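J.: Take this sequence and fold it.
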Amino acid sequence: MLEHHHLYQLSLFTTHDAEDLVALTNVLDEQGVLYEPWASQSANENDDVITNFYTYITVLG
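T.: Take a look at the predicted model:
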């Protein structure tokens, strides 16, 4: 049987801090979804600092 591995990036763009990740992380943990540690990248946009928090999820199908 041939398995397919699909790699997805899950991103959260926010003007807030990492506390915004709590609800999303809780859902992933409750559902047993394995994900890589969160990473982040920030940029300025219209005088706001926008942070992209992201992780990768591998889905077997």
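J.: contacts, neighbours, all on C-alpha from now
T.: Will do.
J.: Next, residue 29: secondary structure please.
T.: Under the three-state scheme (DSSP: H, G, I helix; E, B strand; the rest coil), residue 29 adopts helix.
J.: Numbering from 56 from now on, please.
T.: Let's use 56 as the start, then, which means that last one is residue 84.
J.: OK, contacts around residue 78?
T.: By CA atoms under 8 Å, 6 or more residues apart in numbering, residue 78 lies in contact with nothing.
J.: Now it. Its backbone dihedrals?
T.: phi -60, psi -40 (degrees, to the nearest 10).
J.: How much space separates it from residue 67?
T.: Using CA to CA, to the nearest Å, one obtains 11 Å as the distance from residue 78 to residue 67.
J.: Find residues that contact each of the two.
T.: Counting by CA under 8 Å, 6+ apart, residue 78 and residue 67 have no contacts in common.
J.: The helix or strand hosting residue 80: what's the following helix or strand?
T.: When secondary structure is defined by DSSP states H and E, residue 80 falls within helix 76-85. Proceeding N to C from helix 76-85, the next assigned helix or strand is strand 94-100, under DSSP H and E.
J.: And the following helix or strand past that next one, what's buried?
T.: Downstream of strand 94-100, the next assigned helix or strand under DSSP H and E is strand 103-115. For strand 103-115, the neighbour count (16 or more other CA atoms under 10 Å) marks 105-111 as buried.
J.: Over to stretch 65-75?
T.: In stretch 65-75, counting by 16+ other CA under 10 Å, buried: residue 69.
J.: Between the two ends of that stretch, how far is it?
T.: Across stretch 65-75, first to last residue, CA to CA, it's 14 Å.
J.: Mind checking the pLDDT average for it?
T.: For stretch 65-75, mean pLDDT rounds to 90.
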